[in-house]
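Colleague: only the shape, not the letters, is given here:
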């Protein structure tokens, strides 16, 4: 008889898009707790919680707003767990993301039940995302104290850690050393059978009435939202120089105009608006194409025709888009930051540049566009790297299922 596995994630299925159905297919009973907007999965019961108190959010010190948000989620999830326990649900294992505060009450409502934490990133007082970019760094004691409080829920979760799973070695390195012995490095997995190169791929931009095929001078950039955390400002400030060096080059930029990780620009608006205003007529917008957020299949199509894919990031969580670009056989030009160096080795399976050197980025991209055949070995090596380390069905999913069995057993 199968085990009972309970997932907790405000945006379920999130990282568990493949793991949860795989457990169900093999005969385990799988249920989930998610927030109001979680889209869920077919045939997996989803119990929603609402983090908004009936009386509204109580006032608190502005430094503690992040901690209060997590406490509200913990309380709401705890109430759902209590109801499910009364209905007879006793899971063999709880799996959830510790970054949202949703796991903080699990041990109190379900004592003795092991919990597998998804540990993506632990904020660092120094050497992490918050003090990386001097353009936006606030080096004062009040900002540091706010960061300390923001770490509080993460460190509380580590105190209760039965076991954790983290996607990459660099992300594991952000966890304090005393907890790393209870941590497995396993990525969620890339479906390399579906996400693969296609020499016959093509791309048509209706608004610009332009078509691109492999071999065109097209650079690509992808982020959930266009913001400094993912180097959008560095990309934009590089483009005028690249356009000078390569008069036929086009840039295709995927991403929304909201904020996923950092803060909006001072004074409001979006980072796209701010950078376009800053660059003015130095940028030929006829060769820069903003397409917003696109469906997954469209994303893979544009990565397959990309002559060079730019991936820039602060020292932070590694994006799936980088691994999917590599799986498509794209030539990646990435920032030489810790999470990127986990997967890109300069001159072997991609190229690395200084995050803060737009001139160097432009010259590197121009050289790639000038001699596309020279990049063929890097493309092949990038694809092989993802297949070897991150393949969903042959590498990551078997490791995750084995970990679930060990903890639930």
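Modeller: Looks like it arrived, so ask away. This structure is a prediction, so every number in the text was calculated from the model and none was measured.
Colleague: which residues does residue 74 contact?
Modeller: For residue 74, the contact set (Cβ atoms under 8 Å, 6 or more residues apart in numbering) comprises 101, 102, 103, 104, 105. Heads up, the C-betas are built off the backbone N, CA and C, glycines and all.
Colleague: could you rerun that using 7 Å?
Modeller: If a contact means Cβ atoms under 7 Å, 6 or more residues apart in numbering, then residue 74 has 101, 102, 104, 105 as its contacts.
Colleague: surely the second one meets residue 73?
Modeller: Yes - under the criterion of Cβ atoms under 7 Å, residue 102 makes contact with residue 73 at 5.1 Å.
Colleague: so the two - more neighbours on which side?
Modeller: More crowded of residue 102 and residue 73, by other Cβ atoms under 10 Å: residue 102, with 27 against 23.
Colleague: that older thread, turn the contacts of residue 74 into JSON lines, including secondary structure and pLDDT.
Modeller: Formatted as JSON lines, these follow (DSSP: H, G, I helix; E, B strand; the rest coil; pLDDT from 0 to 100):
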{"residue": "101", "secondary structure": "coil", "pLDDT": "95"}
{"residue": "102", "secondary structure": "coil", "pLDDT": "96"}
{"residue": "104", "secondary structure": "coil", "pLDDT": "95"}
{"residue": "105", "secondary structure": "coil", "pLDDT": "95"}
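Colleague: where along the stretch 151-300 of the chain do the strands fall?
Modeller: Using DSSP state E, counting those that start in this stretch, the strands of the stretch 151-300 of the chain run over 163-166, 183-185, 203-205, 210-212, 218-225, 250-256, 288-292.
Colleague: now those strands as TSV including mean pLDDT and mean neighbour count?
Modeller: Shown next, in TSV, are these (pLDDT from 0 to 100; neighbours: other Cβ atoms under 10 Å):
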stretch	mean pLDDT	mean neighbour count
strand 163-166	98	22
strand 183-185	98	17
strand 203-205	90	15
strand 210-212	93	16
strand 218-225	98	23
strand 250-256	98	21
strand 288-292	97	16
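Colleague: tabulate the ones you listed (JSON lines), appending distance to residue 391.
Modeller: JSON lines is the format used below for those (distance: least, Cβ to Cβ, whole Å):
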{"stretch": "strand 163-166", "distance to residue 391": "17"}
{"stretch": "strand 183-185", "distance to residue 391": "15"}
{"stretch": "strand 203-205", "distance to residue 391": "26"}
{"stretch": "strand 210-212", "distance to residue 391": "28"}
{"stretch": "strand 218-225", "distance to residue 391": "21"}
{"stretch": "strand 250-256", "distance to residue 391": "24"}
{"stretch": "strand 288-292", "distance to residue 391": "29"}
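Colleague: of all the ones you listed, which one is nearest residue 347?
Modeller: strand 218-225 (19.0 Å; Cβ to Cβ).
Colleague: tell me the strands beside the closest one, with direction?
Modeller: Within its sheet, and counting by DSSP bridges, strand 218-225 is paired with strand 250-256 (parallel), strand 308-311 (parallel).
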